[in-house]
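*Asks:* Got a predicted model here, sequence first, then my questions.
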Amino acid sequence: MNIGTIKQNDGGIFVGRIATLTIAMTIALREVHSANPKAPKFEVLALSAARAWVQVGALFELFSNGTGEAFLNGKIEDPSLVAPLYVSAFRQEDGSYNVVWSRPTRRRDLAAEMAPKTDDALPPLPGADDTAGAGAPAESGLGESSADHA
């Protein structure tokens, strides 16, 4: 779902707005210059109530598996938010970006899915396999009783 648009202004800065039912913010993108290939492409800055820019996130450049087309992906995080806002920005023909939100998906635990299914019941109690109720076997570490049984 589209929640905003970011356009390049006359000064060459990408500026836009994001709006949901609980969030309305003016944002700007500041390019990150780094030799690290894992660095984000942009820092996300938001305009505070005091009219100061505050860094609230980062966007990384990713590529579509199907088309190879580049898009931006990241999150906006601030103590005033209940949870991070996960966003993607898709470049349009006019050079602007459409901003969409998404909920994070939990990674499937493949090892857990492949493991044999077990009963969710409690494990048997120690000695539960004794059918006669006689004392514990010597292997349990308790040893044999020296008391006389009548």
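*Replies:* Everything's here; your move. Only a predicted model underlies this, so the values are computations on that prediction, with no experimental measurement involved. Numbering: from 1, shown residues only.

*Asks:* quick check: longest strand of the protein.
*Replies:* Of all segments of type strand in the chain, defined using DSSP state E, the longest is strand 53-63.

*Asks:* can you map out the helices along this protein?
*Replies:* 110-114 (DSSP state H).

*Asks:* Strands of that one, residue ranges please.
*Replies:* 2-8, 14-19, 24-31, 42-47, 53-63, 70-76, 85-91, 97-102.

*Asks:* Which among those is found nearest to Gly127?
*Replies:* Comparison of those against Gly127 by C-beta to C-beta identifies strand 85-91 as nearest, at 52.1 Å. The C-beta positions use only the backbone N, C-alpha and C, and glycine is treated the same way.

*Asks:* any idea of the angle the closest one forms with strand 14-19?
*Replies:* Angle, strand 85-91 to strand 14-19, by axes from the mean of the first three to the mean of the last three C-alpha atoms, to 10 degrees: 130 degrees.

*Asks:* For strand 85-91, give me every contacting residue.
*Replies:* Residues from elsewhere that reach strand 85-91 (C-beta atoms under 8 Å, 6 or more residues apart in numbering): 3, 6, 18, 20, 23, 57, 59, 70-77, 97-104.

*Asks:* if you set the cut-off to 7 Å instead, what comes out?
*Replies:* 6, 23, 59, 71-76, 97-104 (C-beta atoms under 7 Å, 6 or more residues apart in numbering).

*Asks:* now stretch 49-67
*Replies:* Stretch 49-67 has contacts (C-beta under 7 Å, 6+ apart) with 28-29, 40-48, 69-78, 89.

*Asks:* could you redo the last one with a cut-off of 10 Å?
*Replies:* 6, 25-30, 32, 38-48, 69-78, 80-81, 84-90, 97, 99 (C-beta atoms under 10 Å, 6 or more residues apart in numbering).

*Asks:* Filter the residues you listed down to the buried ones, PyMOL style.
*Replies:* Typed into PyMOL, the next command selects the buried ones out of those (criterion: 16 or more other C-beta atoms under 10 Å):
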select buried, resi 6+25+26+27+28+29+40+41+42+43+44+45+46+71+72+73+74+75+76+85+86+87+88+89+90+97+99
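
*Asks:* hang on, the earlier thing: now mean pLDDT and distance to Pro124 too, for the strands of the chain, in JSON lines please.
*Replies:* As requested, the strands of the chain are exported to JSON lines (pLDDT from 0 to 100; distance: least, C-beta to C-beta, whole Å):
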{"stretch": "strand 2-8", "mean pLDDT": "96", "distance to Pro124": "54"}
{"stretch": "strand 14-19", "mean pLDDT": "97", "distance to Pro124": "56"}
{"stretch": "strand 24-31", "mean pLDDT": "96", "distance to Pro124": "58"}
{"stretch": "strand 42-47", "mean pLDDT": "97", "distance to Pro124": "55"}
{"stretch": "strand 53-63", "mean pLDDT": "97", "distance to Pro124": "50"}
{"stretch": "strand 70-76", "mean pLDDT": "96", "distance to Pro124": "47"}
{"stretch": "strand 85-91", "mean pLDDT": "96", "distance to Pro124": "45"}
{"stretch": "strand 97-102", "mean pLDDT": "96", "distance to Pro124": "45"}
